[in-house]
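Engineer: build the 3D model from these lines:
(chains A, B and C)
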Amino acid sequence: MPELPEVETLCRQLQIKICGEKVLATEIYDDKLASIKNIKGHEVTAVEREGKRIVIVLDNENAIYIHLRMTGRLLWQKDSVKPKYGRIRLTFPNGNIFLDDPRRFATVEVLKKMDNDPSKDIFKAFDLKSFLGRHACRKTSVKTLIMDKNAVEGIGNIYACEILHRVSINPERPAASLTKADWIKFFKAAKVVLEKSITKRGTSISDWQDLYGRKGENQHELKVYGQEGKCCSQCGGIIRRIKQGGRSTYYCPKCQK
DNA sequence: AGAACCGCCTGCTTGC
DNA sequence: TGCAAGCAGGCGGTTC
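Structural biologist: Numbering: from 1, shown residues only, chains lettered A, B, ... in the order given. Down below sits the predicted model:
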């Protein structure tokens, strides 16, 4: 499932491939996406990331906003043979982009290009002061809070578990019990974990692939996610899995107090 | 207002 | 072996 590092990987690959290129044609295979228009004949001027969204900016003040949700995947193909779960195709002079998405959760919208507020994105102008003021007093668990995109954009289940393990914070602790120093430590670790994953082209735990259908390498770096019953690499404790808000949380009860 | 839960979806795994 | 139930979960919407 694509989170910030996976989306960032795609954006970087798209930038190289389609910036300055014109959209020659589009084809929609899924009625859920039928509202795509004002694309054909326009040139891509930039590819940006907003949280987990991919923003393909066009020369007509519009942009294609793509959110891959759970199982969405963008694939670059020279030929125009629809992949098995293809939902949309964008054709460029040098090849095609397909959205391949078995569960059909992904969204594609063409909207007026908006100036995004990057204050929730830890890779942009993340605003710690505003975060502390608005969210550090919340009663919900720290894990649930950091996955709330109104608080922090880009962290999903896998990286939430990994970052909390890195800073030895128990995922069930109420967010309000963390000190300012804890949060500073947390965001520092978040950057390290996410940046490392970007250099590894993401985490291919189930079916993540980059634009060229290649797997990432970050799954080999995971310390707790999907490691239930295994030994903690930091302290030798046994990794546990619990449910928080219907989602699996993996952590080490010995070193994450 | 904040917190918890639901529905969207379908391929894969599990259990009888 | 076969089929149904359960699971995966980001996020917008609804409810309490």
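Engineer: alongside DNA strand B, which residues does the stretch 101-250 of chain A contribute?
Structural biologist: Residues of the stretch 101-250 of chain A lying near DNA strand B by CB under 7 Å from any atom of the strand: A:102-105, A:138-140, A:144, A:245-246. Yep, even glycine has a C-beta here, placed from its N, CA and C like the rest.
Engineer: redo that, cut-off 10 Å
Structural biologist: A:101-105, A:134-135, A:137-141, A:144-145, A:148, A:150-151, A:174-176, A:206-207, A:243-247 (CB under 10 Å from any atom of the strand).
Engineer: need the strands for the stretch 151-257 of chain A, in chain order.
Structural biologist: Secondary structure of the stretch 151-257 of chain A (DSSP state E, counting those that start in this stretch): strands at A:240-244, A:247-251.
Engineer: what pairs with the first one, and is each one parallel or antiparallel?
Structural biologist: Within its sheet, and counting by DSSP bridges, strand A:240-244 is paired with strand A:247-251 (antiparallel).
Engineer: can you pull the contacts of the residue of the stretch 151-257 of chain A found nearest DNA strand B?
Structural biologist: Nearest to DNA strand B in the stretch 151-257 of chain A, going by CB to the nearest atom of the strand, is A:Gly245, at a distance of 5.9 Å. Shown in contact with A:Gly245 (CB atoms under 8 Å, 6 or more residues apart in numbering): A:Thr144.
Engineer: got a pLDDT number for it?
Structural biologist: A:Gly245 carries a pLDDT value of 84.
Engineer: now swap in A:Gly229 and tell me
Structural biologist: Confidence score, pLDDT, at A:Gly229: 88.
Engineer: over to A:Lys32?
Structural biologist: pLDDT, read off for A:Lys32, is 89.
Engineer: in a helix, it, correct?
Structural biologist: Yes: counting by DSSP: H, G, I helix; E, B strand; the rest coil, one finds A:Lys32 located in a helix.
Engineer: which ones are touching it?
Structural biologist: The neighbourhood of A:Lys32, defined by CB under 8 Å, 6+ apart, consists of A:87, A:104.
Engineer: where's it relative to DNA strand B, distance?
Structural biologist: In this view, A:Lys32 and DNA strand B are 6 Å apart by CB to the nearest atom of the strand, to the nearest Å.
Engineer: so that residue versus A:His135, what's the distance?
Structural biologist: From A:Lys32 over to A:His135 the distance is 33 Å, taken as CB to CB, to the nearest Å.
Engineer: how about A:Gln256: what's its closest non-neighbour residue?
Structural biologist: A:Asn170 (4.6 Å; CB to CB, 6 or more residues apart in numbering).
Engineer: please disregard the earlier target; I meant A:Gly154.
Structural biologist: Using CB to CB, 6+ apart, the nearest residue to A:Gly154 is A:Leu4, at 3.2 Å.
Engineer: count of neighbours near that neighbour?
Structural biologist: The number of residues packed near A:Leu4 is 26, by other CB atoms under 10 Å.
Engineer: thought it was touching A:Ala160?
Structural biologist: No: the pair A:Leu4 / A:Ala160 is not scored as a contact, 11.1 Å apart, by CB atoms under 8 Å.
Engineer: need the CA coordinates for the longest helix along chain A. PDB is fine.
Structural biologist: Ranked by residue count under DSSP state H, the longest helix found in chain A is helix A:180-199. The C-alpha atoms that make up helix A:180-199 are tabulated as PDB, following Å, rounded to 0.1, in the frame of the first residue of the first chain:
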ATOM      1  CA  LYS A 180       7.400  18.400  23.300                       C
ATOM      2  CA  ALA A 181      10.800  16.700  23.400                       C
ATOM      3  CA  ASP A 182       9.100  13.300  22.600                       C
ATOM      4  CA  TRP A 183       7.500  14.900  19.500                       C
ATOM      5  CA  ILE A 184      10.700  16.500  18.300                       C
ATOM      6  CA  LYS A 185      12.400  13.100  18.600                       C
ATOM      7  CA  PHE A 186       9.400  11.500  16.900                       C
ATOM      8  CA  PHE A 187       9.500  13.800  13.800                       C
ATOM      9  CA  LYS A 188      13.300  13.500  13.500                       C
ATOM     10  CA  ALA A 189      12.900   9.700  13.400                       C
ATOM     11  CA  ALA A 190      10.000   9.900  11.000                       C
ATOM     12  CA  LYS A 191      12.200  11.800   8.500                       C
ATOM     13  CA  VAL A 192      15.000   9.200   8.900                       C
ATOM     14  CA  VAL A 193      12.600   6.300   8.400                       C
ATOM     15  CA  LEU A 194      10.800   7.800   5.400                       C
ATOM     16  CA  GLU A 195      13.900   9.100   3.700                       C
ATOM     17  CA  LYS A 196      15.600   5.700   4.000                       C
ATOM     18  CA  SER A 197      12.600   4.100   2.400                       C
ATOM     19  CA  ILE A 198      12.600   6.600  -0.500                       C
ATOM     20  CA  THR A 199      16.200   5.700  -1.200                       C
END
